[in-house]
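**Q** Following is a predicted model, sequence given first.
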Amino acid sequence: MRLGAGPPVRRADASAQDDVRRANLSAVLRLLHFNGAATRSDIVASTGFNRSTVGSLTSELVKLGLVRERPGVVGGKGRPSNLVEPVHTGAHVLAFDVTPSSVGAARVGLGGYMLQVRRRLHSSSSHDVPAVVELIATLAGEMQARAAAGSVCLGIVVSVMGSVRQPDGLVRRSPPLGWYDVPLAELLSEATGGRYPIAVGNDGDLGAVAEYLRGAARGSQDVLYVRGEVGVGGGVVVDGELLKGAGGYAGEVGHIVVKPGGRVCSCGARGCWEAEVGDGAIIRAVGRDPRESDIEDVLSDVAIGNRRSIAGVRKTGEWVGLGLASLVNIFNPRIVVLGGSIGALYPTMEPTLAASYARALGPIREQAMLVRSELGSDAQLVGAAEVAFADVLDDPAGTLGARSAQADEHAARGDESPVRRLHQAG
Ligand SMILES: [Zn+2]
């Protein structure tokens, strides 16, 4: 599931015993991170480890500052079982979501808690690269300054609508942003003085990760996530792993061809799915001009029962269903999560969407449940945060040690953030 290259995890001794210890610590921390507080008895039941092992693992996580224990209450017979909970301020990540209109930002603590959330509109309409890089660096500095003393920052992860090369975070193409071959991870590393591990991910992939780990697809191992926006993004989870492909570009569902000879797409081809079901197509289908209206206008028209708008949205629903039929035939997901404008308009599209979706093979269609996104516009921030948490969940002690050492080096050198220097100079 890792989307980016973090700092190498230091492993002094790779003995089998250490591997087992690391895997066990990982299992306990993962349980608490995703499910919240649990009693020691709950942890014993969930992990299958014995009581003394759980006690020792919990104590080590307490020493690392990642969990805390409270005395438990006596429930039924037996001794009271201590309650163990993740410490939100033990470790945190800085997550960002770049869209054509704004930059969303969140400081997310262990356990997935959104400790601080910001959204800033782009200062210039062209969302040019240097301005966005500076905005992200500034927000990162501001959020980092508010972090609790001692909380270890695990890194920065940025969601971008477009094809992002892995693992180096080069944005190959993002038509909605007008970005081509932008080395975003590298630029952000420079702008933040190299003090954080940085990863850049595709919005569809991060949405899929978020819905899989914390949203509508929790508990399903095979997930298709589709987000309608200016373009149409998507991500696929296969057997619990994000499908990446050879270059990290897999899941570009918006560019499957559904209508040969159809409308010209942002990618230059004709009849791509996103050209037929993206926000522009929906706005045109309801009889509005995409230069003057946005998807919010369509949503309010539909909400007040405007018949022309409802008919237009239903017409688009046919194309949505057609694309979904092809995709479920290929991936055989247990759950299909619809996000963005497609998720928002799904109840209106449902009848026509279902009719064309019926072309999917019967056995596959019967297994796939179509649902709306639970996380909505937060999905990309939530997914970005989980990418940054992945290393510490895999190896709590090693990752925390490596990150703390890196942060201490910066502190010892008295490094100042370039952003702060910039502001002082101004
Ligand atoms: Zn296309």
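**A** Looks like it arrived, so ask away.
**Q** Same question for the residue in the stretch 1-150 of the chain that the ion sits nearest to, what's its three-state structure.
**A** Closest approach between the stretch 1-150 of the chain and the ion, counting by Cβ to the ion: residue 100, at 16.9 Å. The way it works is simple: take the backbone N, C-alpha and C, and place the C-beta from them, glycine included. For residue 100, the assignment made with DSSP: H, G, I helix; E, B strand; the rest coil gives coil.
**Q** Also the one 3 residues further on?
**A** Assigned with three-state DSSP, residue 103 falls in the strand class.
**Q** With residue 18 instead?
**A** From three-state DSSP, the assignment for residue 18 is helix.
**Q** what about it, how many neighbours?
**A** Number of residues near residue 18 (other Cβ atoms under 10 Å) recorded here: 14.
**Q** tell me what the longest helix anywhere in the chain is packed against?
**A** Scanning the chain for the helix with the most residues, using DSSP state H, yields helix 307-331. In terms of contacts (3 or more Cβ pairs under 8 Å, 6 or more residues apart in numbering; DSSP states H and E), helix 307-331 is packed against strand 223-228, strand 232-238, helix 273-277, helix 279-285, helix 295-303, strand 335-339, helix 340-357, helix 362-367.
**Q** quick one: which of these is nearest the ion?
**A** Comparing the helices and strands packed on helix 307-331 under Cβ to the ion, the one sitting nearest is helix 273-277, at 6.0 Å.
**Q** can you list the residues that contact the closest one?
**A** Applying Cβ atoms under 8 Å, 6 or more residues apart in numbering, the contact partners of helix 273-277 are 228, 231-232, 253-259, 262-266, 281, 316, 319-320, 323, 342.
**Q** That one and the ion, any residue contact?
**A** No: Helix 273-277 lies apart from the ion when judged by Cβ under 5 Å from the ion; the minimum separation is 6.0 Å.
**Q** for stretch 330-340, which positions count as buried?
**A** Applying a neighbour-count criterion of 16 or more other Cβ atoms under 10 Å, one finds 331, 332, 333, 334, 335, 336, 337, 338, 339, 340 buried in stretch 330-340.
**Q** tell me, which of the contacts of helix 273-277 make contact with the ion?
**A** The subset of those within reach of the ion, by Cβ under 5 Å from the ion, is 255, 265.
**Q** measure residue 391 to the ion for me?
**A** Residue 391 is 34 Å from the ion, where distance means Cβ to the ion, to the nearest Å.
**Q** Are we agreed that that residue is in a helix?
**A** Yes: secondary structure of residue 391 (three-state DSSP): part of a helix.
**Q** Quick check: it touching residue 199?
**A** No: in this structure residue 391 lies outside contact range of residue 199 using Cβ atoms under 8 Å: 10.4 Å.
**Q** Who has more neighbours out of those two?
**A** Between residue 391 and residue 199, counting by other Cβ under 10 Å, residue 199 is the more crowded of the two (26 against 22).
**Q** In this structure that one contacts residue 160, no?
**A** No: look at residue 199 against residue 160 with Cβ under 8 Å: they stay out of range, at 11.0 Å.
**Q** Which two of the buried residues of stretch 330-340 have the greatest separation?
**A** 332 and 340 (23.2 Å; Cβ to Cβ).
**Q** Surely residue 325 and residue 362 touch.
**A** No: with contact defined as Cβ under 8 Å, residue 325 does not reach residue 362; the gap is 11.4 Å.
**Q** Neighbour count: these two, which is higher?
**A** When residue 325 and residue 362 are compared for neighbours, residue 325 comes out ahead with 19 against 8, by other Cβ under 10 Å.
**Q** who touches that one in this structure?
**A** Counting by Cβ under 8 Å, 6+ apart, the residues that residue 325 touches are 356, 357, 358, 359, 360, 365.
**Q** please redo it, this time with the cut-off set to 7 Å
**A** Each residue near residue 325 by Cβ atoms under 7 Å, 6 or more residues apart in numbering is listed here: 356, 357, 359, 360.
**Q** Dump the helix or strand residue 186 falls within to CSV, keeping only the CA atoms.
**A** According to DSSP states H and E, residue 186 maps onto helix 184-191. Provided in CSV are the C-alpha atoms of helix 184-191 (Å, rounded to 0.1, in the frame of the first residue of the first chain):
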residue,chain,number,x,y,z
LEU,A,184,6.3,17.8,-6.8
ALA,A,185,7.9,15.6,-4.1
GLU,A,186,11.3,17.0,-4.9
LEU,A,187,10.1,20.6,-4.9
LEU,A,188,8.3,20.1,-1.6
SER,A,189,11.4,18.5,-0.1
GLU,A,190,13.4,21.6,-1.0
ALA,A,191,10.7,24.0,0.2
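**Q** now that helix, how far from the chain's geometric center?
**A** Between the centre of helix 184-191 and the centre of its chain there are 20 Å (Cα atoms, centre = their mean, to the nearest Å).
**Q** Just the buried residues of it, please?
**A** Residues 184, 185, 187, 188, 189, 191 are the ones in helix 184-191 that count as buried (16+ other Cβ under 10 Å).
**Q** The ion contacts on the protein?
**A** 255, 265, 267, 269, 272.
**Q** Would you check that residue 96 makes contact with residue 138?
**A** No: using Cβ atoms under 7 Å, residue 96 is not in contact with residue 138; the gap is 11.4 Å.
**Q** Neighbour count for those two, which is higher?
**A** residue 96 (25 against 20).
**Q** From residue 387, how far off is the residue nearest to residue 189 when sequence neighbours are not counted?
**A** Leaving aside its chain neighbours, residue 189 sits nearest to residue 198 (5.2 Å; criterion: Cβ to Cβ, 6 or more residues apart in numbering). Distance, residue 198 to residue 387, by Cβ to Cβ, to the nearest Å: 11 Å.
**Q** Check residue 117 too.
**A** 18 Å.
**Q** Compare those two (neighbour count), which wins?
**A** More crowded of residue 117 and residue 387, by other Cβ under 10 Å: residue 387, with 28 against 14.
**Q** Can you tell me the SS state at that one?
**A** Applying three-state DSSP: residue 387 is helix.
**Q** Report the separation between it and residue 299.
**A** Applying Cβ to Cβ to residue 387 and residue 299 gives a distance of 30 Å.
**Q** What distance separates the opening and closing residues of stretch 217-231?
**A** 22 Å (Cα to Cα, to the nearest Å).
**Q** give the contact list for residue 185.
**A** Contacts of residue 185 by Cβ under 7 Å, 6+ apart are 168, 169, 198, 199, 200.
**Q** Ramachandran angles for the last one?
**A** Read that as residue 200. Here is the backbone geometry of residue 200 (degrees, to the nearest 10): phi -120, psi 140.
**Q** Pretty sure it sits against residue 184.
**A** Yes: using Cβ under 7 Å, residue 200 is in contact with residue 184, at 4.9 Å.
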